[in-house]
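Novice: okay, structure incoming, though there's no sequence with it:
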């Protein structure tokens, strides 16, 4: 985005063949990853396994009341389990160190498994001698809370892959939430709201693309300003029209939860994945379709060409600005759909600034996911999980102040961006207006 | 991405090619009259942008007014009712806004009449200070969204020094202000150092730091070190007079020394950016980091220092809130100043004078907005709409020119001129000319 972000080679440097031990030509060992893993692994060992006094037990509840198979809650020794998990985590850190020395690339599975281990160790410590931790509910809520982040991040991916920086995700979410609430309330149909939400998001996208493609205004500026504009317009209408007659304009119209038969009866996974609202099912489809379309279709190749090298794309006959306009409109619509989460999917009436900065978290998820739909999904799930973890632990009761818990996802993001992702490479032509 | 577009009124970044010396002047350029100059000036565009934003805001005010809606039902039977209702609602709201931010006509005395103006100045202090900080970042090509967190940290440091120590008046204030600058600078430096060392994107890191700061101040206000003794609310002990900014106009007004500090900071930033070697480096890095690196400048070094300075200025903005306006630290110390400051810096085109004027304008809209809400019941949110529309219009002068049928500076549209030229070489030359 900014000029100081250099385009360095990604971390995937192929290991040189062992026949030619030319040490001078070998790339330097990247110690950052192993050091970060080691730090968190040791911290987990120290704080969750060694320092707490032993003898306490932690219970995890795996089943929900509606399940067909009722799995018994699992009870473990808090320090014992934390010790086991922390040692596994440290072994992973060792593996990462070995891979670094060998200049091998480790896949995305390593940070994910490592994170799961440390979080489980943390849960063992936090839930020691407390009421049972509802693991299934925790995951279900995480997915639910991740929905707007996924849609927002996908919107960002679509826009930025075509070279338009979309800081206005926050505004698109809020506009979607607003129109979804109003339309659902007027028509008494949550599904009508779901149809209206993308229109609102696309309108914000339209403004974004008019100012950036037609008038060449700095896209970061347009995005920031559009966020303010949407906050202003929706808050103003909320304070005047919506509060004057909230029964007509802003009544709660929740989207029903749809259980997929059979699939929703799978233990643990069923309730998490297949006992959600239709918005979540749309999300699965959108993520899969976008991932395939962006990287496996002619359309996706063209979009990426426009985002990386518009001049080359133009030379072979791709309409650069038309592609950008379409993508930004589509991206806006997707973010608007995500905005419907806050009102109809969450079963709430519209409230002032109710997106509360989720659009910016979605932006972070997009960058953490390296401008890739599946990566964005994973990052959004991470944020949703830490968001929900705080709520669940608040109910279970933990020694940590709630403010510190609320802070954690943001601290983790900074660590992830600085320590693990490092110099990510955005699409090369991002933010630069194209003119023939 | 360079900040060229802001500085160039939204025109694309063009390579600074020198104009070909033998280029003949076109007739339009040679015969440019005073009227032409006026019509092409960016001041006119600014004024028209503000006017257009107010008109659009007025439409929203009228549309949401119940009386206007009632009169619209019988619009064709009695159109005068409708237009009267529109006029009443829009004029009422805007005159309340004006009287709440500049001059109160219904006041009994001159002091009372000018009181709103001092309120505007008071409110604008954190906007100007934080806006200056962001402007420095923008000129270096750093899109720092973190003023919110930096204001909070500045406020936390200022408040802690303010209510904890017992020092002589001048020294106490000096240390508290210094602490505020340091607090903001430290917070912003996290983003600066991470950007310089690891390439972590400053937009993400500053957004995250904003959120962390919000929870950090909420947490601190529950600890014994910060919470007011005997209170269960998240509020700090009051700041003693020895650490407060002295009032400039006496007890009747809230205007405090922080306003002078903001103006001095603007002068300081101007000198730093336009007259010092450091400022030259900052601008060079902002224009083209690759060229700056080739010229021997250290881009990471500039990044870290720019972020520290931006944070220090935003931190001073936090001190204005804690030591001048509120005299206490609460979780809402930064209000939305950090985000408003972004629009202030953008509107001011990242220049010190522009930032001060934009800060005063937005301070006035904010101060007047509260008065408007109290007097006519128009929600203050309309101010956000007007603010954002102003920035949008000012960022796109061609749009304003098109709306008002104004001539484009430099003859025909640049884009059209380019389109007519056939080879890339000529187009680059024309763009540079």
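Specialist: Received it, and whenever you're ready, just let me know what you need. Model, not experiment: these values are computed from the prediction. Numbering: from 1, shown residues only, chains lettered A, B, ... in the order given.

Novice: and the spatially most distant residue from the centre of chain B, helix, strand or coil?
Specialist: Distance from the C-alpha centroid of chain B, by Cα atoms, centre = their mean, peaks at residue B:77 (46.2 Å). Secondary structure, DSSP: H, G, I helix; E, B strand; the rest coil: residue B:77 is coil.

Novice: contact partners for it?
Specialist: Contact partners of residue B:77, counting by Cβ atoms under 8 Å, 6 or more residues apart in numbering or on different chains, are absent. Any C-beta I mention is one placed from the backbone N, CA and C, and that applies to glycine too.

Novice: how much space separates it from residue B:137?
Specialist: 57 Å (Cβ to Cβ, to the nearest Å).

Novice: hmm, back to that, give me the distance between the residue farthest from the centre of chain B and chain A.
Specialist: 24 Å (Cβ to the nearest Cβ, to the nearest Å).

Novice: now the strand or helix carrying residue A:173, how far from the centre of its chain.
Specialist: Using DSSP states H and E, residue A:173 sits in helix A:169-187. Averaging C-alpha positions (Cα atoms, centre = their mean, to the nearest Å) puts helix A:169-187 20 Å from its chain's average.

Novice: helix or strand next in line after that helix, which one?
Specialist: helix A:190-209.

Novice: can you give me the domain boundaries for chain B?
Specialist: Chain B breaks down by automatic domain parsing into domains covering B:43-101+B:354-409, B:120-347.

Novice: how about those in JSON lines, adding mean pLDDT?
Specialist: Listed next are the domains of chain B as JSON lines, based on pLDDT from 0 to 100:
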{"stretch": "domain B:43-101+B:354-409", "mean pLDDT": "89"}
{"stretch": "domain B:120-347", "mean pLDDT": "92"}
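
Novice: please verify my assumption that residue B:168 contacts residue B:242.
Specialist: Yes: shown here, residue B:168 and residue B:242 form a contact pair, counting by Cβ atoms under 8 Å, at 6.8 Å.

Novice: those two - which one has more neighbours?
Specialist: Using other Cβ atoms under 10 Å in any protein chain shown as the criterion, residue B:168 and residue B:242 rank with residue B:242 on top: 16 against 9.

Novice: what about residue A:59, which SS state?
Specialist: strand.

Novice: so what's it up against?
Specialist: A:73-75, A:127, A:131-133.

Novice: ok, so of the residues you listed, who is nearest residue A:95?
Specialist: residue A:74 (26.8 Å; Cβ to Cβ).

Novice: just the domains of chain B: most buried one?
Specialist: Among these, the stretch with the highest mean neighbour count (mean count of other Cβ atoms under 10 Å in any protein chain shown) is domain B:120-347, at a mean of 23.

Novice: does it come close to chain A?
Specialist: Yes: residues of domain B:120-347 contacting chain A under Cβ under 8 Å from any Cβ of the partner chain: B:141-143, B:145, B:190, B:194-195, B:197-205, B:207-209, B:211-212, B:215-216, B:218-219, B:222, B:285-286, B:288-289, B:299, B:303, B:339, B:342-343, B:346.

Novice: do a quick rundown of the helices in the stretch 251-400 of chain B.
Specialist: Along the stretch 251-400 of chain B, the stretches classed as helices by DSSP state H, counting those that start in this stretch are B:258-275, B:277-287, B:289-294, B:299-319, B:337-347, B:352-376, B:381-395, B:397-403.

Novice: what's the closest of these to residue A:295?
Specialist: helix B:289-294 (30.0 Å).

Novice: check which helices and strands that closest one sits against.
Specialist: helix B:277-287, helix B:299-319 (3 or more Cβ pairs under 8 Å, 6 or more residues apart in numbering or on different chains; DSSP states H and E).

Novice: want to throw these into TSV with distance to residue A:164?
Specialist: Shown next, in TSV, are those (distance: least, Cβ to Cβ, whole Å):
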stretch	distance to residue A:164
helix B:277-287	22
helix B:299-319	25
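
Novice: nearest to residue A:275, out of these?
Specialist: Nearest of the helices and strands packed on helix B:289-294 to residue A:275, taken as Cβ to Cβ: helix B:299-319 at 45.8 Å.

Novice: what angle do the closest one and helix B:352-376 make?
Specialist: 30 degrees (axes from the mean of the first three to the mean of the last three Cα atoms, to 10 degrees).

Novice: helix B:299-319 to helix B:258-275, inter-axis angle?
Specialist: Computed by the same axes, to 10 degrees, the angle between helix B:299-319 and helix B:258-275 is 160 degrees.

Novice: what packs against helix B:299-319?
Specialist: Checked by 3+ Cβ pairs under 8 Å, 6+ apart, helix B:299-319 has helix B:110-139, helix B:147-164, helix B:169-198, helix B:258-275, helix B:277-287, helix B:289-294, helix B:337-347 packed alongside it.

Novice: now with 6 Å?
Specialist: helix B:110-139, helix B:147-164, helix B:169-198, helix B:277-287 (3 or more Cβ pairs under 6 Å, 6 or more residues apart in numbering or on different chains; DSSP states H and E).

Novice: chain center to the third one: distance?
Specialist: On the basis of Cα atoms, centre = their mean, helix B:169-198 is displaced by 20 Å from the centre of the chain it belongs to.

Novice: number of nearby residues for residue A:108?
Specialist: Counted with other Cβ under 10 Å, residue A:108 comes out at 11.

Novice: same check, this time on the one 4 residues further on
Specialist: As a burial measure, the neighbour count of residue A:112 was computed by other Cβ under 10 Å and equals 13.

Novice: please name the nearest non-neighbouring residue to it.
Specialist: Take residue A:112 and drop its neighbours on the chain: the residue closest to it by Cβ to Cβ, 6 or more residues apart in numbering or on different chains is residue A:378, 7.2 Å away.

Novice: what helix or strand is that neighbour located in?
Specialist: Counting by DSSP H and E, residue A:378 is found in helix A:373-396.

Novice: list the buried ones in that helix?
Specialist: A:373, A:375-393, A:396 (16 or more other Cβ atoms under 10 Å in any protein chain shown).

Novice: confirm that residue A:103 sits in a helix.
Specialist: No: under three-state DSSP, residue A:103 falls outside any helix and is assigned coil.

Novice: burial of it, as a residue count?
Specialist: The burial count for residue A:103: 15, using other Cβ under 10 Å.

Novice: excluding covalently adjacent residues, which one is nearest to the residue of chain B found nearest chain A?
Specialist: In chain B, the residue that lies nearest chain A is residue B:384 (3.1 Å; Cβ to the nearest Cβ). Nearest non-adjacent residue to residue B:384, counting by Cβ to Cβ, 6+ apart: residue A:232, 3.1 Å away.

Novice: pLDDT score assigned to the one you found?
Specialist: On the pLDDT scale, residue A:232 is placed at 93.
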